[in-house]
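J.: No letters, just coordinates:
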């Protein structure tokens, strides 16, 4: 027993070090940076006050704000809120394994949960999924102990961590409700062993009041169309295919239907076990009921209320529930051949060895941009008044802006609008064959083997002809939402390409970032936007410099569409905070 603890403690320390290294070394992904810019940097996460989006995982956002203000914007700091929950996950998954009778199964469960690489890597993301899995595993342990030994102490711990997990990840709503139902059932059966008023107070205060608030919040999100992830295209296609690809790096149909088959075999084995154990409730009933109940509710919500089937990370909780159901059902059986049912789970530590790295993430790996790409572009900007223009797909925008903010440089944001038709930018970050004509106008200077992303550099400079230039009057104290640079009118716009250099100084009166953007909007005769380009200042510059920012940004406009009659260039203060806007100037070139 003592040697077992030493071995597991040593393995747990190594895994924690691995997770921390990933948190420090793996480049931030788009979802994480959305969380950073919308919530950490703005310092607001509370529902109804913060930016409305499903990206707001409340506990992660709250902790992220604290750690960002304490330690800054380094990767490890922004992810620390999840990293600190990993020891909780390790400890309580070990405690759950201790509830199994078979030593073989105990070790099997620990190795499966601890070494599921693509699952535990969520503890190194700045998202709510990792921490919620740690809290869910903790909840399940206390619920199992409450089932084995009903007492107010176990009940209150179970209620607390169940609510905590739900708050960290609102996708756990179904599981949250099923666990509360299980706790109510066990409480009703064992009411003579529990203090009625303490139990009722626990259900109402710890679970009921928060549940009412957050369920109302979820309905408001659905009303606003923010529960957008996933689709109603079927449980196998949307949930199982994407989840097996996430966890096992494969969505092979044999694998997916093999998992479905194993699920029904386990249910059959459980039914046989339950025939002779109808009058008892054990942890095995909890895990069989949670997974089965979740699947049933998912189908009902999709078919009746048209709620999307959970896709990949949104359905992440199904993985530990499936693993726990399998191990506890097999442990409840007597025949020795029962171990055969769990052979597939042995793949998890094997996959860990194959997948372990501290350089890239499974999530959004297709949009992985190495830091060296930014360094290459930065080097090319030396000696130039304005930074080079870089174009690419929108999912690469936040990563690029974060690199700029961390380096304290003044590079342009990635120009995403119509990037597949844009061969005027100085650099393009794209996949091969994604941009028409790229081989003709650009040289390939770097390739990322992980994502297949290529950095292209234009092989000839654009020919510029100055068309307009002007300076704007200073506005030393303004809360104006819009400040116009200029409008370009005329029937001669279509078919022409333009390059815009503009700059200004922005001073914020207070300890906040300039929640503002520079916009170039192409409009038709009815004033409808045809193409919209922008540079988000708080993404690029972050917090610092005493609230003073020197803005120098460039835009390139590929050949303008035939229905465009006006180009509008303006500064948009989204939050309408008080700023000093000075030294506004611009130059507009026709290019070819």
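T.: That came through fine. If you're wondering where the values come from, they're calculated on a predicted model, not measured in any experiment.
J.: Low-confidence regions, this structure specifically.
T.: Within the chain, the segments meeting pLDDT under 70 span 1, 335-337, 490-492, 510-514, 543-546.
J.: residue contacts, the nearest residue to residue 388 once chain neighbours are set aside?
T.: By the measure of CB to CB, 6 or more residues apart in numbering, the closest residue to residue 388 outside its immediate chain neighbours is residue 426, 3.7 Å from it. (Glycine included, C-beta is placed from N, CA and C.) Going by CB atoms under 8 Å, 6 or more residues apart in numbering, residue 426 touches 377, 380, 388, 389, 390, 457, 458.
J.: between these, which has the most around it?
T.: Counting neighbours by other CB atoms under 10 Å, residue 389 comes out on top of the contacts of residue 426 with 26 neighbours.
J.: That residue touches residue 554, doesn't it?
T.: Yes - between residue 389 and residue 554 there is a contact at 5.3 Å, judged by CB atoms under 8 Å.
J.: Who are the contact partners of residue 356?
T.: Applying CB under 8 Å, 6+ apart to residue 356 gives the contacts 18, 117.
J.: Backbone dihedrals for it, both of them.
T.: phi -60, psi 130 (degrees, to the nearest 10).
J.: Setting the sequence-adjacent residues aside, check what's closest to residue 428.
T.: residue 456 (4.4 Å).
J.: give me phi/psi at that neighbour?
T.: phi -110, psi 140.
J.: didn't it look like it was pressed against residue 445?
T.: Yes - counting by CB under 8 Å, residue 445 is a contact partner of residue 456 at 7.1 Å.
J.: out of the two, which sits in the more crowded spot?
T.: Ranked by neighbour count (other CB under 10 Å), residue 456 and residue 445 place residue 456 first, with 25 against 13.
J.: for that one, which residues make a bridge with it?
T.: Note on residue 456: beta-bridge partners by DSSP bridges are residue 428, residue 444.
J.: mind listing what it touches?
T.: Counting by CB under 8 Å, 6+ apart, residue 456 has contacts 427, 428, 429, 430, 435, 438, 442, 443, 444, 445.
J.: now residue 307: how far from residue 238?
T.: 11 Å (CB to CB, to the nearest Å).
J.: and for the two, which residues touch both?
T.: Common neighbours of residue 307 and residue 238 (CB under 8 Å, 6+ apart) are residue 232.
J.: which of these two has more neighbours?
T.: Neighbours per residue (other CB under 10 Å) separate residue 307 from residue 238, with residue 238 holding more: 23 against 16.
J.: Not counting its neighbours along the chain, what's nearest that one?
T.: For residue 238, the closest residue by CB to CB, 6+ apart turns out to be residue 309, at 4.0 Å.
J.: and the one you found, backbone torsions?
T.: phi -60, psi 140.
J.: Surely residue 538 and residue 41 touch.
T.: Yes - Residue 538 lies in contact with residue 41 (CB under 8 Å); the separation is 6.4 Å.
J.: quick one, what contacts residue 503?
T.: Per CB under 8 Å, 6+ apart, neighbours of residue 503: 386, 550, 551, 552, 553, 583, 584, 585, 586.
J.: which element is it on?
T.: strand 497-508 (DSSP states H and E).
J.: following that strand, which helix or strand shows up next?
T.: Next helix or strand after strand 497-508 toward the C-terminus (DSSP H and E): strand 516-523.
J.: Mind listing the strands the helix or strand following that next one pairs with, and their directions?
T.: Scanning forward in sequence from strand 516-523 by DSSP H and E, the next helix or strand is strand 529-536. According to DSSP bridges, strand 529-536 forms sheet pairs with strand 516-523 (antiparallel).
J.: got a list of contacts for the partner strand?
T.: Here strand 516-523 has contacts from 500, 502, 506, 529-538, 551, 553, 555, 557, 560-561, 564-575, 579, using CB under 8 Å, 6+ apart.
J.: Now the buried members of the residues you listed.
T.: 500, 502, 506, 530-531, 533-538, 551, 553, 555, 557, 560, 564-573, 579 (16 or more other CB atoms under 10 Å).
J.: Columns distance to residue 181 and secondary structure on top of the contacts of residue 426, output as a markdown table?
T.: Converted to a markdown table, these look like this (distance: CB to CB, whole Å; DSSP: H, G, I helix; E, B strand; the rest coil):
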| residue | distance to residue 181 | secondary structure |
| --- | --- | --- |
| 377 | 55 | helix |
| 380 | 61 | helix |
| 388 | 58 | coil |
| 389 | 57 | coil |
| 390 | 53 | strand |
| 457 | 60 | strand |
| 458 | 62 | strand |
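J.: Just the closest of the residues you listed to residue 31, please.
T.: residue 390 (21.3 Å; CB to CB).
J.: quick one: the strands in the chain?
T.: 390-392, 427-430, 442-447, 454-458, 464-471, 475-478, 482-489, 497-508, 516-523, 529-536, 548-557, 566-573, 579-591 (DSSP state E).
J.: got TSV for those, with distance to residue 417 too?
T.: TSV is the format used below for the strands of the chain (distance: least, CB to CB, whole Å):
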stretch	distance to residue 417
strand 390-392	9
strand 427-430	13
strand 442-447	19
strand 454-458	18
strand 464-471	21
strand 475-478	28
strand 482-489	17
strand 497-508	13
strand 516-523	9
strand 529-536	5
strand 548-557	9
strand 566-573	13
strand 579-591	16
